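Take this sequence and fold it.
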Amino acid sequence: MKTEVKQEVNDKNGFFYITIDNQPEAKMTFVFAGLDKIIIDHTEVNEGHNGKGFGQMMVEQAVAFARKKNIKIIPLCPFVKKVFDKTPVYGDVL
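As a prediction, this is how the structure comes out:
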C-alpha cells in the first residue's frame, strides 16, 4: 500500500490530496488571496481513514509549499486552524 501526498495548483486555487495505491482518499483545498497568501478553506478525509494523520500530512505539505513560495497561509478551515494553534513551528507562514 503506497500513500502519497500530491498537489494540484492553478492561478486561482489548488488542493493537496492523499492517494493510496493511486486512489484519492483525502483532500485539502485552498484559494489564492493576492500574490502572497493562500486561504485553506476545507479539509476532508474519506470514511475509514480518520485518525491516520492524513490531515496533518496535508498541512505539512501546505507549510512546505508556503515556505518554498515565500507566501503566508490563512487557516480558515477549522481543522487546519487547530493544527496551526498546536504547532508553533508553523508560525512563520501565518
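
Can you point out the buried residues in the longest helix seen in the chain?
Longest helix in the chain by number of residues, with DSSP state H as the criterion: helix 54-69. The neighbour-count check on helix 54-69 (16 or more other C-beta atoms under 10 Å) flags 54-55, 57-63, 65-66 as buried. The C-beta positions use only the backbone N, C-alpha and C, and glycine is treated the same way.

do stretch 41-52 as well
In stretch 41-52, counting by 16+ other C-beta under 10 Å, buried: 41, 43, 45.

cool, stretch 23-42 as well?
For stretch 23-42, burial by neighbour count (16+ other C-beta under 10 Å) applies to 25-30, 32, 38-41.

still on that earlier bit, now, among the buried residues of helix 54-69, which is nearest to K12?
Closest approach between these and K12, by C-beta to C-beta: F65, at 15.5 Å.

Could I get the pLDDT score of that closest one?
On pLDDT, F65 comes in at 98.

which residues does it contact?
By C-beta atoms under 8 Å, 6 or more residues apart in numbering, the residues touching F65 are 7, 16.

again, 7 Å this time
Q7 (C-beta atoms under 7 Å, 6 or more residues apart in numbering).

next one: V9
No contacts exist for V9 under C-beta under 7 Å, 6+ apart.

Check V31 too.
12-13, 38-39, 41.

What separation do you get for it and G14?
For V31, the distance to G14 (C-beta to C-beta, to the nearest Å) stands at 8 Å.

Got the phi and psi for I20?
Per-residue torsions, I20: phi -120, psi 120 (degrees, to the nearest 10).

ok, for it, nearest residue in space, not its chain neighbours?
T3 (5.3 Å; C-beta to C-beta, 6 or more residues apart in numbering).

per-residue pLDDT, that neighbour?
88.
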